[in-house]
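1. no sequence on this one, just coordinates:
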């Protein structure tokens, strides 16, 4: 495949240095986009990375920011620091609004840009499945701002609870409902339960320790349904030991900001609702509707090329390679994203050099989830185990996966302090809490 | 002085535990309020601290947060962590809106509360001296949110500059004007100049290093006018060495967000304007107008009691003890605030026990200001010196003054990394930048 370079500088308003190499534009610097950038550094390509943030986010630890265990700066990493020294890579802070495949052009919030190759790595956002009342009053967990909003919702409501003399009001301010029994929901529930056990009695001596109730609502009849039965059973036990109330076969149908209503008609008074029960792809308009599949993902061939286009690719959570073996596409996790980013980097270089390419193959390296302190569950191939060792493994893997030496040091330091003292980082309400998720409703 | 305890629980909506001791309400947990709280811990008083934030702020290092040298969590400290174990001290997160001295009542954003003694320690906010165009388009530096807003303004404008092809637009995005040649302005200018020298070339290799221009505008003919001539002269030299353009005898008269106009008619293109040229007292309504003096401060007697009231006191930046020796009151600095907080703690305890009291005496422990890296000026009594040793002293004193062991460790760690590597913490745009200061315009 050869694509002629047809840069028309007149139509561009995003300023870029001149180059004799083809330009590859990557939208989104998550796990997939960043893995791709690293593969393409120092190559004969002009790589332009667009993101609406100036930093990469390490999503697996969002729940620790939400519960004040870590500060946001430890788990996000600026793109410009990442690409220091990558002379062929440029970062531009802008939101891409539209793709015009006929002219190989992107329309961004800051102007137009021409591409020779385009890679969509825009990821997913929270899916409230059309329930506006829930979307308006609850918080998702798909952006570092969501994590900060959860933290501030929690701390502000605990402060309000210290002020009110009305017991029912106080209960609703200190009750938490987490929807979704996947890894995000389980880890959040565990961390909240730890907060309740160790931090609450110290910071709020005026409350009884039983005051903060945590509910985990799961539509299915098991937690961590993508993991083994053993992982699921152990997780349930750990959460129950931490006094988390797990409701199976229940889903939330309505939420007015104070009262959660489930499909079966149950009601829970709670001013804190955290939604981890679904995601949907998020990408700019312009991709042919026929390529958009369930969960708002983009159907690609087994080289991650979007069908019907010669030079548009999709990787990470939004990409769906639908085959007989993977009728729902690959799992929407960091592992898939990183493997697809690396694969596509190699593949594009081969395409440019007219070398033969192989289809993408996913290697499942296993799954881990942590439940509160010093407990985790692990499925690593045939090895399925739970407890302290799984937690240690979880900690080491996550620590090594974080971008940047400084960040690793900060997270390690905070975890070490927390391990020995049960103390957490400063519990600060700096952002003004907005009772809305950062969800973008423009996609279906 | 004896004041009968007249708590009428019916009129209260802020929930507080019953007590047989008199209640002292402190509004504001800055240097003054916190020093007072520490003096009153474990005493036979119910101490209620109100603040609109849940944390104490270490103002002297705001400029380091603004320039990404430190993260906010290192220099703010939660009140609840501070008062852990102070059994007679309660914290309530609320904004006090009105004082009703006739009934010893406060009206807060969260309900009413009765006091036996009231202490105003609400500090100051940025004073734009009625220039609305400046207030609307520039940023002050009196709250941790201001520091974060400055950081985000700066990083967003540098990103915009990478996108535009228009040179004039790029200049205005990368030019900085700092108004006010006091310690805040000088330290901010020095830190920005360091950013320009060491960080800009690494993060933005696309720019020439000369691109970011820094102007410091001072209405008088000297910098750091409250310090010695030696400090002032050295500071000017250090700033010039860092390429900061210092304009004396100039003040800003208008600013539209892009162009700064000075009183003499000079114009500077700059989308970044930081205002450190004035403060004014900020406190709830209800204090008799005749007690309010220049700079919106509250006139007190030499025991810090507000004239005309038996049980209302003021400490810190808003308090003005006006005598022949101190016709303008004491300097509005951390030292004064801490000394007044400690003094008032002792004095109130003596008043309650009908013991004799002495007037407040201020002890000037000296002044320090840092200019960029490894340079500072110091006036310590007869000893006036400048350079590396002054900087070392500045660093040690500030490190020891920060609340909390964890915070000291974080700041020390960041400074050590920065000392050896010129690297700074993660430069993140997490808050959405709002081009307005957090100024409250309700006070005169």
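-> Nice, I can see it. All figures in this text were calculated on a predicted structure; none of them were measured in a lab.

2. buried ones in stretch A:309-317?
-> By neighbour count, and taking 16 or more other CB atoms under 10 Å in any protein chain shown as the criterion, the buried residues in stretch A:309-317 are A:309, A:311-317. The way it works is simple: take the backbone N, C-alpha and C, and place the C-beta from them, glycine included.

3. what of stretch A:285-295?
-> In stretch A:285-295, the ones that count as buried by 16+ other CB under 10 Å are A:286-287, A:291-292, A:295.

4. want to throw these into CSV with distance to chain B?
-> Rendered in CSV, the data for the buried residues of stretch A:285-295 read as follows (distance: CB to the nearest CB, whole Å):
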residue, distance to chain B
A:286, 21
A:287, 24
A:291, 30
A:292, 29
A:295, 28
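
5. how many neighbouring residues does residue A:17 have?
-> By other CB atoms under 10 Å in any protein chain shown, the residues close to residue A:17 number 8.

6. kindly apply the preceding question to residue A:83 instead.
-> As a measure of burial, residue A:83 has 22 neighbours, counting by other CB under 10 Å.

7. likewise for residue A:40?
-> Counted with other CB under 10 Å, the neighbours of residue A:40 add up to 24.

8. now do the one 5 residues further on
-> Taking other CB under 10 Å as the neighbour definition, residue A:45 ends up with a count of 21.

9. residue A:112 now?
-> Residues near residue A:112, counting by other CB under 10 Å, number 16.

10. now do residue A:168
-> Counted with other CB under 10 Å, the burial measure for residue A:168 works out to 10 neighbours.

11. quick one: classify it as helix, strand or coil.
-> Three states are possible here, and by DSSP: H, G, I helix; E, B strand; the rest coil the one that applies to residue A:168 is helix.

12. now the two most distant members of the buried residues of stretch A:309-317.
-> Pairwise distances across the buried residues of stretch A:309-317 peak at 21.4 Å for A:311 and A:317 (criterion: CB to CB).

13. residue A:55 contacts residue B:428, doesn't it?
-> Yes. Here residue A:55 lies in contact with residue B:428, judged by CB atoms under 8 Å, at a distance of 5.2 Å.

14. the more surrounded of those two?
-> The residue with the greater number of neighbours, taking residue A:55 and residue B:428 and applying other CB under 10 Å, is residue A:55; the counts read 25 against 21.

15. in stretch A:161-179, what's buried?
-> A:161-164, A:169-179.

16. near chain B, from the residues you listed?
-> Filtering the buried residues of stretch A:161-179 for proximity to chain B (criterion: CB under 8 Å from any CB of the partner chain) leaves A:162-164.

17. ok, so of those residues, who is nearest chain B?
-> Within the set of those, residue A:163 lies nearest chain B; the separation is 4.9 Å, counting by CB to the nearest CB.

18. phi and psi next, for the nearest residue to that closest one once chain neighbours are set aside.
-> Nearest in space to residue A:163, with sequence neighbours left out and distances taken as CB to CB, 6 or more residues apart in numbering or on different chains, is residue B:110 at 4.9 Å. Here the main-chain torsion angles of residue B:110 (degrees, to the nearest 10) amount to phi -120, psi 10.

19. so who does residue B:110 touch?
-> Listed by CB atoms under 8 Å, 6 or more residues apart in numbering or on different chains, the contact set of residue B:110 reads A:160, A:163, B:13-14, B:92-94.

20. same deal with residue A:54?
-> When contacts are taken as CB under 8 Å, 6+ apart, residue A:54 is in contact with A:78-80, A:91, A:93, B:155, B:159, B:427-429.

21. what is the neighbour count of residue A:266?
-> Using other CB under 10 Å, residue A:266 is surrounded by 14 other residues.

22. pretty sure it is touching residue A:252, no?
-> No. Counting by CB under 8 Å, no contact exists between residue A:266 and residue A:252, whose distance comes to 9.8 Å.

23. circling back to that earlier point, now the buried residues of stretch A:285-295 in JSON lines, with distance to residue B:128?
-> Converted to JSON lines, those look like this (distance: CB to CB, whole Å):
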{"residue": "A:286", "distance to residue B:128": "45"}
{"residue": "A:287", "distance to residue B:128": "49"}
{"residue": "A:291", "distance to residue B:128": "54"}
{"residue": "A:292", "distance to residue B:128": "51"}
{"residue": "A:295", "distance to residue B:128": "51"}
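
24. can you list these in TSV and add secondary structure, pLDDT and distance to residue A:373?
-> Below are these laid out as TSV (DSSP: H, G, I helix; E, B strand; the rest coil; pLDDT from 0 to 100; distance: CB to CB, whole Å):
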residue	secondary structure	pLDDT	distance to residue A:373
A:286	coil	97	46
A:287	coil	96	44
A:291	helix	96	44
A:292	strand	97	42
A:295	helix	96	33
